[in-house]
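Undergrad: structure for this input, please:
(chains A and B)
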Amino acid sequence: MVPITTIHYLVVAAALFVLGVIGVLTRRNVVIVLMSIELILNAVNLNLVAFSRMWGGLQGQVFSIFIVVDAAAEAAVGLGILIAFFRNKETINVDEIDLLKW
Amino acid sequence: MTPVATPFFFYLLSGLAIAGGLLVITRRNAVHSALALIVTLLAVAGLYLMLYAPFVAGVQIIVYAGGIMVLFLFVIMLVSLERTIKERQFNRMWPVGLFAACALLALFMSVFAKGRALFPDRVPPPPEASNTQQIGVMLYGNYMFAFEIASLLLLVAILGAVIMAKKRI
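TA: The predicted structure follows:
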């Protein structure tokens, strides 16, 4: 069988990234849009770790830990905003969140 | 120690990850999406283990699958509406979004096909030293400043989330 090299991991990460982009662009439920953003961040992390394996250094892994920190912060603030919005408007559909549109 | 059956586990884990991702973006019920996302996260943690990154795999399982997903499930419980499941799941512009995402995938694949020569075909030898210790040394050495900024970012995120979710400030 073909040995698994960096490019295989990159293709998997690209597929996960595109799935996340499809989720962000097409779903209406805000919670699922936030989950798709988590998918995108995971794809980026997979790329970083694969490159760190390719070059033999650990910088990629350290960066991926920082990205996990970012993902945690983003999820907390995003879900907080979602709860505040749900309390006021009783909806979680992206296309009904249009207070700023006149 | 030589790895065993690497291609098999790679294809198994990446298939699980992509299948989970597909379920995340297609399920009607947000709880099912969250469970599929947990499958994806665990499969990606397995891929990290195959890449000799056990610390990142542990962080992935503890922080993502343990922390962030519990947060998601709580919020799904708080904002769940029966009518959300019954109504349309995709917005009106979904063909445009799908087309844009497929164009992005085609771009990635063409870049990978053109830059194929840049990536080495042989597998690098597995690292010898202990991964967690080296990452700790780097985090508290070279990346000290970034580490402190990350802690500040988490503090700001905690404050922001509490203030956003509070009924009255």
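Undergrad: can you give me the helices in chain B?
TA: B:6-26, B:30-50, B:54-59, B:69-79, B:82-86, B:94-114, B:131-140, B:144-165 (DSSP state H).
Undergrad: what about the helices in chain A?
TA: Under DSSP H, chain A gives helices at A:6-26, A:30-55, A:59-89.
Undergrad: how far off helix B:30-50 does the first one point, in degrees?
TA: Computed with axes from the mean of the first three to the mean of the last three Cα atoms, to 10 degrees, the direction of helix A:6-26 lies at 160 degrees from that of helix B:30-50.
Undergrad: mind giving me the packing neighbours of helix A:6-26?
TA: Applying 3 or more Cβ pairs under 8 Å, 6 or more residues apart in numbering or on different chains; DSSP states H and E, one finds that helix A:6-26 contacts helix A:30-55, helix B:6-26, helix B:30-50, helix B:94-114. Glycine gets a C-beta too; all of them are placed from N, C-alpha and C.
Undergrad: for residue A:75, which of the ones you listed is the nearest?
TA: For these, the distance to residue A:75 is smallest for helix A:30-55, at 6.5 Å, taking Cβ to Cβ.
Undergrad: do that closest one and chain B meet?
TA: Yes. Judged by Cβ under 8 Å from any Cβ of the partner chain, helix A:30-55 and chain B are in contact via A:31-32, A:34-36, A:38-39, A:42, A:45-46, A:49-50, A:52-54.
Undergrad: from those residues, pick the one nearest residue A:10.
TA: Closest approach between these and residue A:10, by Cβ to Cβ: residue A:50, at 6.3 Å.
Undergrad: contact partners for the closest one?
TA: Going by Cβ atoms under 8 Å, 6 or more residues apart in numbering or on different chains, residue A:50 touches A:6, A:9, A:10, A:13, A:60, B:51.
Undergrad: one more time with 6 Å
TA: For residue A:50, the contact set (Cβ atoms under 6 Å, 6 or more residues apart in numbering or on different chains) comprises A:6, A:9.
Undergrad: likewise for residue B:13?
TA: Contact partners of residue B:13, counting by Cβ under 6 Å, 6+ apart, are B:43, B:46, B:47.
Undergrad: how about the residues you listed in JSON lines, adding pLDDT and distance to chain A?
TA: Formatted as JSON lines, these follow (pLDDT from 0 to 100; distance: Cβ to the nearest Cβ, whole Å):
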{"residue": "B:43", "pLDDT": "95", "distance to chain A": "10"}
{"residue": "B:46", "pLDDT": "93", "distance to chain A": "11"}
{"residue": "B:47", "pLDDT": "93", "distance to chain A": "6"}
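Undergrad: quick one on the thing from earlier: could I get the helices and strands packed on helix A:6-26 as a markdown table with distance to residue B:72?
TA: Below are those laid out as a markdown table (distance: least, Cβ to Cβ, whole Å):
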| stretch | distance to residue B:72 |
| --- | --- |
| helix A:30-55 | 7 |
| helix B:6-26 | 11 |
| helix B:30-50 | 5 |
| helix B:94-114 | 22 |
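Undergrad: closest to residue A:18 out of those?
TA: Of all these, helix B:94-114 sits nearest to residue A:18, with 4.4 Å by Cβ to Cβ.
Undergrad: that closest one packs against which elements?
TA: Under the contact criterion of 3 or more Cβ pairs under 6 Å, 6 or more residues apart in numbering or on different chains; DSSP states H and E, helix B:94-114 touches helix A:6-26.
Undergrad: contacting residues around the helix it packs on?
TA: With contacts defined as Cβ under 6 Å, 6+ apart, helix A:6-26 is touched by A:33, A:36, A:39-40, A:43, A:46-47, A:50, A:54, B:14, B:18, B:21, B:25, B:90, B:94, B:97, B:101, B:104-105, B:108, B:119.
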